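K.L.:
below: sequence and its predicted model.
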Amino acid sequence: MLSLYKIKRVKYVIVIVVNFSLILVLGFNNILNFNSIPSPNLANDIDIDLSLLPRENQIQNLQMWTNPQIEMLIVAPPPPSNFSSILQPLANWKTKKGVKTVIATNYSAYEGDDTQEKIRNMIKSYYNSDKIQWVLLAGDTDVIPIRYVYNPDALLAGESEDVGDPYLKPTDYYYAELDGTWDDDGDDKYGESVLYNENGIDEIEWYPEVYVGRFPASNDEELGNMVNKTLKYETNPTVGEWMNSILLAGVISNYPHETKSKIGEDEARLTSYILSNYVSNTMDYTHLIQTTSTYEPNPSFSNISHASFVNNINTGYSVGMFAGHGAPEKMTDRAGSSYYTTSDANGAANSYMPTLFYSSTCDTNTYDVGDGNIGETLIKQKDGGAIGYVGGLRVTWYFEEDDNLEMLNRGNCKLFWREFFINESYQQGKALFDSKIAYLDSEWFSRWSNINMSLEWERKNVLTYSLLGDPEVDIYTAKPKTPQNPFSGNIYEGQSISMRIKSTGDEVLTDVKVHLTNNSGKYRTFHSDESGTINILLPLDPDTYYFTISGHNILPLEGAFQTKPDMTAPIISDNPLMEPLSPTVSDNICFSINASDSESGIENIFLLISNDKFNTYEYSTFTQSSSSSSVHTCTLNKLDFMDYDYAIVGFDYANNSVLIYNSEAFCFQITPPVSFYILIVANFSIFGILGFGVVVFVKTWQAHSKKYKRLEEI
Ligand SMILES: [Ca+2]
Ligand SMILES: [Ca+2]
Ligand SMILES: [Ca+2]
Ligand SMILES: [Ca+2]
């Protein structure tokens, strides 16, 4: 009982102390409120440390301008080969448009059991340091060797290859898939599946890291032709309807009587699907097919003949495909009729209208065995033929009754065009390798537990379809537009530019990139967002910049502009509006000002607010009310009742600043709410005149406590 009483006394003491301190604090505040202490800084040029204000990170911006990553690697043979000097104009152009490109010839300096491994380790090293995206192998397989992997697909299927070794198959996929060991058990059999690797692991990881293509040149002239054709295609193409055209050809793979279901294998089903689902109205098309009696073709088509197919290719198409059978020197149907041959490729008359061609067949791209295959012949044509060729280096596979067009050849081909048209992977290497990823991730594998990458034909199809041509080339799907120069008028150092680039026909260009560089090592590429908006933040210091604007279906535009110095601080109105004029604790307070900077532009405007004459302050940022307006607003959430001073600080992007302050006008007071006075009055009435009040209060409290106590005891 005694101890309980003592505790209660401690409580009374706490209650008293709290009440006194409340009165003291409130009272002191009252004195401050109503008897304004003269500020030590009465002048308008107050001294405030602005270094804490969050600013545009110029150091980070400079970093992004001065440390461009390599995006493309061209692998070329070392001197005395002339290849790297022949490739230099292509590397220069890629770099100029913002794809920083390096020609690498010193692969022999890298680790590796053979040249292929050294080249791959060099690619890996660039990938690890710069996350390169594009790899162009510059040379035929006698110059830049291809990797042969253990892949006895045809043997296991009871078939045979038309060319080459029955066990070892060529693939440039080795240079794209950089994670796998490719020879985990070190038995010199590369790319073994879980069934052949000694440790039961797949030596290939399957997902590619980089997009790989090859210029199959064996001499300077061939390489020069491929470089020049690619440069012309990208920088100065012959503009015409061909750029808006696709040619699709599909023939019979099996007659009805050859199949279990007695339904034939019509590749026209594949071409029709691609046409209906992916091409739709985006391009003009020519659809040439041969069909069995069991297939009713749709949509519109013409019957294919050797002459019609060759003539169409010769008139010029941006993209084209053939699905059927193939051999190194011909594309055929089941009966063996040829629709295109190496001889036709040699006579390709589509000068300055080179095609990205996809051959969903066997063997038309056997560039490691001689040079007479169709793919190599088309890509080597001086002005016409192919800008890119995707085809198999060896036998490829399809399954009958592939209703979903998802297995092996049909899945590969369908997904290539899906990537190209639907996912807008118009760069030919991206379309091919992204389609391989899409195939590996497709339902075909997830639906069936026995369909996986231990199957040699699945491995074969992913490995053998290869790209001849520059993987980075952006393929036309329409007549390209010419951009207007967006860098007219005065441009200032450090300027923040938000632009949408328009064509000469005044349409906004949405798939566009702007590359800027100068002679003092600045280098940066800006990509448009979906609306076509590009946001550029220029570095400080006046300089001359060279720009290149490029993109999908855009003719590149090059030019230069000078940035001017910005020595002028932003202009900010000295009569900010404050609403409400007499704020209370329950008001949000809105400030608005007029602010502009006609050089580099307004970077940030801050409202600084202080209740101790700027010994300390808090800040809030103004936002522009609309992109075309000079009005900027800043809203403060409810404040405690106190006296406040405020100031406004504005920065432009060139680091000029202005401080707006007026010691007489830039202050306001938030008066206590009515409830505050009631509280004080209540406290005073409880305490009365100090000691007496305390006694009364304590006694009252004590009496109540006893009552409660008694209640508890009952
Ligand atoms: Ca091995
Ligand atoms: Ca990988
Ligand atoms: Ca060759
Ligand atoms: Ca300025």
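P.N.:
Yep, it's here. Residues are numbered from 1 along each chain as shown. Ligands and ions are numbered 1, 2, ... in the order given.

K.L.:
which bits of this structure sit near ligand 1?
P.N.:
Listed as neighbours of ligand 1 in the chain under the rule CB under 5 Å from the ion: 183, 185, 187, 189, 192. Every residue, glycine included, has its C-beta placed from N, CA and C.

K.L.:
strands of the stretch 351-500 of the chain, start to end?
P.N.:
For the stretch 351-500 of the chain, the strands defined by DSSP state E, counting those that start in this stretch cover 355-360, 386-392, 465-469, 491-492, 496-500.

K.L.:
mean neighbour count added to the ones you listed, as JSON lines?
P.N.:
Formatted as JSON lines, these follow (neighbours: other CB atoms under 10 Å):
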{"stretch": "strand 355-360", "mean neighbour count": "27"}
{"stretch": "strand 386-392", "mean neighbour count": "29"}
{"stretch": "strand 465-469", "mean neighbour count": "28"}
{"stretch": "strand 491-492", "mean neighbour count": "22"}
{"stretch": "strand 496-500", "mean neighbour count": "15"}
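
K.L.:
what's near enough to touch the spatially most central residue of the chain?
P.N.:
Geometric centre of the chain, nearest residue: residue 527, 8.6 Å, by CA atoms, centre = their mean. Counting by CB atoms under 8 Å, 6 or more residues apart in numbering, residue 527 touches 512-513, 534.

K.L.:
please name the bridge partners of residue 657.
P.N.:
Under DSSP bridges, the beta-bridge partners of residue 657 are residue 651.

K.L.:
renumber starting at 760 from here on
P.N.:
Understood, numbering begins at 760; the last thing we discussed is residue 1416.

K.L.:
now whichever residue of the chain sits closest to ligand 2. Nearest residue, chain neighbours left out?
P.N.:
Of all residues in the chain, residue 938 sits closest to ligand 2, at 3.6 Å by CB to the ion. The shortest distance from residue 938 to any non-neighbouring residue, by CB to CB, 6 or more residues apart in numbering, is to residue 964 (3.9 Å).

K.L.:
okay, the one you found: pLDDT?
P.N.:
Note for residue 964: predicted pLDDT of 98.

K.L.:
how many neighbours does it have?
P.N.:
Residues contacting residue 964 under the criterion other CB atoms under 10 Å number 14.

K.L.:
which residues does it contact?
P.N.:
The neighbours of residue 964, taking CB under 8 Å, 6+ apart as the test, are 936, 938-939.

K.L.:
quick check: of these, which has the highest neighbour count?
P.N.:
residue 936 (23 neighbours).

K.L.:
distance-wise, check that residue relative to ligand 3.
P.N.:
According to CB to the ion, to the nearest Å, residue 936 stands 22 Å off from ligand 3.

K.L.:
correct me, but the residue of the chain closest to ligand 2 touches residue 967?
P.N.:
No. Using CB atoms under 8 Å, residue 938 is not in contact with residue 967; the gap is 9.4 Å.

K.L.:
dihedrals phi and psi, the residue lying closest to residue 908 once chain neighbours are set aside?
P.N.:
Nearest residue to residue 908 in three dimensions, chain neighbours excluded: residue 950, at 3.0 Å (CB to CB, 6+ apart). With angles defined as degrees, to the nearest 10, residue 950 sits at phi 70, psi 30.

K.L.:
wait, residue 950 touches residue 912, no?
P.N.:
No. Counting by CB under 8 Å, residue 950 does not reach residue 912; the two are 11.8 Å apart.

K.L.:
quick check: beta-bridge partners of residue 1406?
P.N.:
Taking DSSP bridges as the rule, residue 1406 bridges to residue 1367.

K.L.:
for it, give me its contacts.
P.N.:
By CB under 8 Å, 6+ apart, the contact set of residue 1406 is 805, 807, 1366-1367, 1373, 1376, 1418-1420, 1425.

K.L.:
that one and residue 1420, how far apart?
P.N.:
Between residue 1406 and residue 1420 the distance is 4 Å, computed by CB to CB, to the nearest Å.

K.L.:
find the residues that touch each one of these two.
P.N.:
Counting by CB under 8 Å, 6+ apart, the shared contacts of residue 1406 and residue 1420 are residue 805.

K.L.:
please give the number of neighbouring residues around whatever residue of the stretch 1360-1473 of the chain ends up closest to ligand 1.
P.N.:
Using CB to the ion, the single residue of the stretch 1360-1473 of the chain nearest to ligand 1 is residue 1412, 57.4 Å away. Burial of residue 1412 is recorded as 27 neighbouring residues (other CB under 10 Å).

K.L.:
do residue 1141 as well
P.N.:
By the criterion of other CB under 10 Å, residue 1141 has 15 neighbours.

K.L.:
nearest to ligand 1: which residue in the stretch 1260-1409 of the chain?
P.N.:
Nearest residue of the stretch 1260-1409 of the chain to ligand 1 (CB to the ion) works out as residue 1284 at 40.6 Å.

K.L.:
can you pull the contacts of that residue?
P.N.:
Shown in contact with residue 1284 (CB under 8 Å, 6+ apart): 827, 857-858, 1272-1275.

K.L.:
let's see 6 Å
P.N.:
Contact partners of residue 1284, counting by CB atoms under 6 Å, 6 or more residues apart in numbering, are 857, 1272, 1274.

K.L.:
neighbours of the first one, how many?
P.N.:
Just to be clear, that refers to residue 857. Counted with other CB under 10 Å, the neighbours of residue 857 add up to 22.

K.L.:
quick one, what contacts it?
P.N.:
Residues counted as contacts of residue 857 (CB under 6 Å, 6+ apart) are 1272, 1274, 1284.

K.L.:
is the first one in a helix, a strand, or coil?
P.N.:
When states are read from DSSP: H, G, I helix; E, B strand; the rest coil, the local structure at residue 1272 comes out as strand.

K.L.:
grab the nearest non-local neighbour of it.
P.N.:
residue 1286 (4.8 Å).

K.L.:
return the distance of that neighbour relative to residue 1193.
P.N.:
18 Å.

K.L.:
and for residue 978, the neighbour number?
P.N.:
13.
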